[in-house]
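*Asks:* sequence plus the predicted model coming up.
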Amino acid sequence: MTSLAGTGVLLRFSLRRDRLLIPAWVAVNALMVLSMPSSIESLYGTAAERADLVHQVETNASFRALIGPVLDTSTGALTAWRVGVYAGLLAAVMSLLIVVRHTRDEEESGRQELVASGMVGRRAALTAALLAAAVANGFLALLVTAGLAGQGAVGALALGLGVAAVGMLFATMAAIVAQLTESARLARGLTSGVLGLAFVLRAAGDSASDDGSSALTWLSPLGWLENLRPYADERWWVLLLFTAAIGGQALAAYALAGRRDVGMSFFPTRPGPATGRLSTAGGLAWRLQRGSVYGWSVAFFVVGVVYGGLTDGVADLVGDNENAREIFERMGGRSGLEDAFLASMVGMMGLIAALYIVGGVLRLHGEETSGRAEPVLANSVGRLRWAAGHLVVAFGGAVLLMLLTGLGFAVGYGKEAGPILGACLLQVVAVWVIGALAVALYGLLPRAAMAAWGVAGAVLLIGWVGPALDAPQAVLDLSPFGHLPKLPGGEMSWGPVLVLLGLAAALVAGGLAGLRRRDMTA
């Protein structure tokens, strides 16, 4: 078929470009899943402890909304319950990023037009992008299946296929959205918005039902993953829903790709007139990143409310389980259980905020490599002013996110807001260190700038999985979050905070100095 000519070459090129990105996403997701069985067995080693856990989840709608219903008491079933939804979320994010990167991003930069001028079919780029996503999800499914086979091969296969199916569903959805919009940023944002809606629908459905049978749960692909029931009398027919949705969306994407010109879209961006202040580099940076800031802000506030509402029930959930109590203490300090839970959840939100700040900083890299920075810098705007506009949004946005998280915790918890707000704002220091490292990589080693995502992912993995696996303190100390005082409940120590602030300042200064001296790339 001439429309697919050159697909193999483009696929190899896509996999080569993503030779770091795909393995990093797959490794983080797989390690999160495969580390859970040992944690489950250490926390709930007896039948009585597991029965008590099931009872607490069945009677607590907030915990079901956050994680999902418990469908069986085996280690495999508890693993699927604890990480299944989040593994599906990570697979979906990975997939939509891959597809948009190799479709709309390429068209927006002008590279796709050059490729299309050769012996390349008009649907080859789309096919290569979907195949790259399929390769990533296939490896993820293989690792999950092989790693959990000891808990039961059938359940492991169901969980692996389910997670990969969620990823491919959002890959094909991103392929459709990339045809509809002219902006890669908007394509990522819209697809991520649908993913967020899917999570909300699943959460609402699970809060109303303790077995995943709610109609709202069935409206969400993440709910389909739950209802596949890995390790709990698998429902293999649910995979037919994924197959139909993936196939239908793929056909729609191919149909749209055959009806438009390269670089065009079905809903083109309006040419203007522009409104608001765009006369400064900061105003332009805000215009480019404000959608991301709004989306992250809403998500952090809502999650803060949910976690705050769970705090009063954490004592009942943990009960007399000393292992669970020790994990919260390793994550949140040795204060009271509620304070330790709040500190651990605040720390988790800080880890996620690190992903936001890396994305905000690397917007500089995207503007530079796409050629959009060049006309801005050709005028009276210097490099440092241009970079400062984006960095203010990225670093200031991190402060806003943690502030809204603290307000959300205070609303959900219903108690004094001051200590929780202080604990949330303290996380900003470690978030800034991760953002500063991204600045240093971009300014000094622009070809390695995307490695900042790997650093953020590694820090997230250390903070999330490390305490559960009782990782050595030397490993936990690799993360800047491991050096922060455990608030609320713990003692404040300014020494580590000042050291981290100094490190962040030095990294930013080094990165800006490198940006000022090096050549700009296109």
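*Replies:* Sure, I can see it.
*Asks:* let me see the ranges of the helices in the stretch 201-350 of the chain.
*Replies:* Assigned by DSSP state H, counting those that start in this stretch, the stretch 201-350 of the chain shows helices spanning 215-218, 221-227, 238-257, 281-310, 314-318, 322-332, 337-361.
*Asks:* pick the most deeply packed of the ones you listed.
*Replies:* Neighbour counts (mean count of other Cβ atoms under 10 Å) averaged over each of these peak at helix 221-227, with a mean of 26. No exception for glycine: its C-beta is placed from N, CA and C like everyone else's.
*Asks:* send the alpha carbons of it over as CSV?
*Replies:* The C-alpha coordinates for helix 221-227 follow below in CSV (Å, rounded to 0.1, in the frame of the first residue of the first chain):
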residue,chain,number,x,y,z
PRO,A,221,-11.3,2.7,30.3
LEU,A,222,-9.7,2.6,33.7
GLY,A,223,-12.8,1.0,35.0
TRP,A,224,-12.6,-1.6,32.2
LEU,A,225,-9.1,-2.4,33.6
GLU,A,226,-10.6,-3.0,37.0
ASN,A,227,-13.4,-5.1,35.6
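*Asks:* what's the mean pLDDT across it?
*Replies:* The average pLDDT for helix 221-227 rounds to 93.
*Asks:* make 24 the starting number, not 1.
*Replies:* Sure thing, new numbering starts at 24, so read that last one as helix 244-250.
*Asks:* helices or strands up against that helix?
*Replies:* For helix 244-250, the packing partners by 3 or more Cβ pairs under 8 Å, 6 or more residues apart in numbering; DSSP states H and E come out as helix 98-125, helix 176-203, helix 207-231, helix 238-241, helix 261-280.
*Asks:* rerun that using 7 Å as the cut-off
*Replies:* Other helices and strands packing on helix 244-250, by 3 or more Cβ pairs under 7 Å, 6 or more residues apart in numbering; DSSP states H and E, are helix 98-125, helix 176-203, helix 207-231, helix 261-280.
*Asks:* the third one vs helix 98-125, what angle?
*Replies:* Calculated by axes from the mean of the first three to the mean of the last three Cα atoms, to 10 degrees, helix 207-231 forms an angle of 160 degrees with helix 98-125.
*Asks:* now helix 207-231: average pLDDT?
*Replies:* Per-residue scores along helix 207-231 average to 83.
*Asks:* check the shortest one too.
*Replies:* Within the predicted structure, the mean pLDDT of helix 261-280 is 92.
*Asks:* what do you get for the second one?
*Replies:* Throughout helix 176-203, pLDDT has a mean value of 93.
*Asks:* and that helix, which residues are buried?
*Replies:* For helix 176-203, a neighbour-count test (16 or more other Cβ atoms under 10 Å) marks 178-203 as buried.
*Asks:* specify the angle between it and helix 207-231 in degrees.
*Replies:* 140 degrees.
*Asks:* ok so, going back, ok, of the helices of the stretch 224-373 of the chain, where does mean pLDDT dip lowest?
*Replies:* Lowest mean pLDDT within the helices of the stretch 224-373 of the chain: helix 345-355, a mean of 53.
*Asks:* quick one: residues contacting E514.
*Replies:* Taking Cβ atoms under 7 Å, 6 or more residues apart in numbering, we find E514 in contact with P508.
*Asks:* dihedrals phi and psi, it?
*Replies:* Backbone geometry at E514, expressed as degrees, to the nearest 10, gives phi -90, psi 140.
*Asks:* and the gap between it and F432?
*Replies:* Going from E514 to F432 by Cβ to Cβ, to the nearest Å gives 20 Å.
*Asks:* what do you get for L414?
*Replies:* Computed as Cβ to Cβ, the L414 to F432 distance reads 27 Å.
*Asks:* these two: which is more packed in?
*Replies:* Higher neighbour count among L414 and F432: F432, with 30 against 25, using other Cβ atoms under 10 Å.
*Asks:* ok, the more buried one - contacts?
*Replies:* By Cβ under 7 Å, 6+ apart, the residues touching F432 are G327, Y330, G331, L365, I443.
*Asks:* nearest residue to the third one in space, please, no chain neighbours.
*Replies:* By the measure of Cβ to Cβ, 6 or more residues apart in numbering, the closest residue to G331 outside its immediate chain neighbours is G435, 2.4 Å from it.
*Asks:* likewise for the second one?
*Replies:* Of all residues beyond its chain neighbours, the one nearest Y330 is M368 (4.6 Å), with distances taken as Cβ to Cβ, 6+ apart.
*Asks:* on that earlier part again, which one of the helices of the stretch 224-373 of the chain lies closest to F418?
*Replies:* Closest approach to F418 among the helices of the stretch 224-373 of the chain (Cβ to Cβ): helix 360-384, 6.8 Å.
*Asks:* quick one: that closest one to chain centroid distance?
*Replies:* Offset of helix 360-384 from its chain centre (Cα atoms, centre = their mean, to the nearest Å): 13 Å.
*Asks:* elements contacting that helix?
*Replies:* helix 304-333, helix 337-341, helix 345-355, helix 406-436, helix 441-467, helix 474-488.
*Asks:* give me the helices and strands touching the helix or strand that it is followed by, please.
*Replies:* Following helix 360-384 in sequence order, the next helix or strand is helix 386-392 (DSSP states H and E). Where contact means 3+ Cβ pairs under 7 Å, 6+ apart, helix 386-392 is packed against helix 406-436.
*Asks:* can you pull the contacts of D41?
*Replies:* D41 touches I121, A155, counting by Cβ under 7 Å, 6+ apart.
*Asks:* next one: the one 10 residues further on
*Replies:* Residues touching V51, when contacts are defined by Cβ under 7 Å, 6+ apart, comprise G480, L484.
*Asks:* tell me how far A497 lies from H78.
*Replies:* To H78, A497 is 39 Å away according to Cβ to Cβ.
*Asks:* quick one, which of the two is more surrounded?
*Replies:* H78 (12 against 8).
*Asks:* count the neighbours of L33 for me.
*Replies:* Each residue near L33 was counted by other Cβ under 10 Å, and the total is 25.
*Asks:* okay, V56: pLDDT?
*Replies:* Looking at V56, its pLDDT is 90.
*Asks:* so the host helix or strand of it versus helix 98-125, what angle?
*Replies:* Using DSSP H and E, V56 sits within helix 44-57. Angle between the axes of helix 44-57 and helix 98-125 is 170 degrees (criterion: the same axes, to 10 degrees).
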